[in-house]
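Q: Whatever this is, show me its structure:
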Amino acid sequence: MNNPKSAAIAAMCAALLPCAAFAAGSIEGSVDFSGKPPTAAKLHREADPFCAKKPMTDPAVLVKNGKLENVWVHVTKGAKEAAKPPSTPVEVDQKDCMYDPRLSTAVVGQKIVARNGDPILHNVHTYLGSATLFNKGMPNDKVPPIEYVAKEEGVIKWKCDVHPWMRGYTGVSKSGLQAITKDGTFKIDNVPPGKYTVESWHEKYGTKTQEVTVEAGKPAKANFKYDGTEKGGA
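A: Here you go, the predicted structure:
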């Protein structure tokens, strides 16, 4: 038996605007790497006995099956509204003398929490462009975390003034329409229909942009390509 209430709602949709116009779509794709991936160099961590216990290589460029990982893909133009900052903070840890995760994302207004998981001194020095956001020492894993609220769009760069190989990055978006490549692929959900400029950012190879059109309930494709000759990043 037909539901009269459902029929009335359907009739209202048909009379006003197509209901599909309210259905969000998505932006998905991959970041391909066509060049020869550089060999990950050994990080020289011998100056600190604690850090030296665990040999590591430079994670700046990670390529898997011809696709580039740790790329921040985000909408730069076309979003009509700012996103509400998530109540859950972004967490950045310092483990084994490395920033973890290497790349994270935040929304303008969202809290970022930095922890020291190591029993040694780290100095958390963050930048937005060339400007310092905060610069604080964390003597060991017993100290309280540092809390910071993201105020502007852009890439926050994390450094440690004690251990120069330590690097981390947080991409901050106003719209919240963003993702990080996993295995070189990405998907941005809940994108309203419309035309957008989408940018990919990599810490070594910099940015690329594409224009996409998102239709209601459908995925828009955005495939970026790097060959290893690009310069940029942070």
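
Q: just checking, next helix/strand downstream of the helix or strand of the chain with the lowest mean pLDDT?
A: Every helix and strand in the chain was compared by mean pLDDT, DSSP states H and E; the lowest is helix 4-15, with a mean of 45. Counting by DSSP states H and E, the next helix or strand C-terminal to helix 4-15 is strand 25-33.

Q: same for the helix or strand following that following strand, what does it pack against?
A: For strand 25-33, the succeeding helix or strand toward the C-terminus, using DSSP H and E, is helix 49-52. Using 3 or more Cβ pairs under 8 Å, 6 or more residues apart in numbering; DSSP states H and E as the contact test, no helix or strand touches helix 49-52. In short, each C-beta sits where N, CA and C put it, glycine included.

Q: Give the pairing partners of the following helix or strand past helix 49-52; include direction for each.
A: Going down the chain from helix 49-52, the next helix or strand is strand 63-64, by DSSP H and E. Partners of strand 63-64 in the sheet, by DSSP bridges, are strand 67-68 (antiparallel).

Q: how far does the partner strand sit from the chain's center?
A: 15 Å (Cα atoms, centre = their mean, to the nearest Å).

Q: avg pLDDT for that strand?
A: For strand 67-68, the mean pLDDT works out to 98.

Q: Report the strands that pair with the very next helix or strand once past that strand, each with its relative direction.
A: Proceeding N to C from strand 67-68, the next assigned helix or strand is strand 72-77, under DSSP H and E. As defined by DSSP bridges, the strand partners of strand 72-77 come to strand 178-180 (antiparallel), strand 194-202 (antiparallel).

Q: in strand 72-77, what's buried?
A: 72-76 (16 or more other Cβ atoms under 10 Å).

Q: try stretch 125-142
A: Buried residues in stretch 125-142, defined by neighbour count with 16+ other Cβ under 10 Å: 125-128, 133, 138.

Q: Please tabulate those residues in a markdown table and include secondary structure, distance to Tyr148 and pLDDT as additional columns.
A: Output for those, formatted as a markdown table (DSSP: H, G, I helix; E, B strand; the rest coil; distance: Cβ to Cβ, whole Å; pLDDT from 0 to 100):
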| residue | secondary structure | distance to Tyr148 | pLDDT |
| --- | --- | --- | --- |
| His125 | strand | 12 | 98 |
| Thr126 | strand | 7 | 98 |
| Tyr127 | strand | 12 | 98 |
| Leu128 | strand | 11 | 97 |
| Leu133 | strand | 7 | 97 |
| Met138 | strand | 13 | 98 |
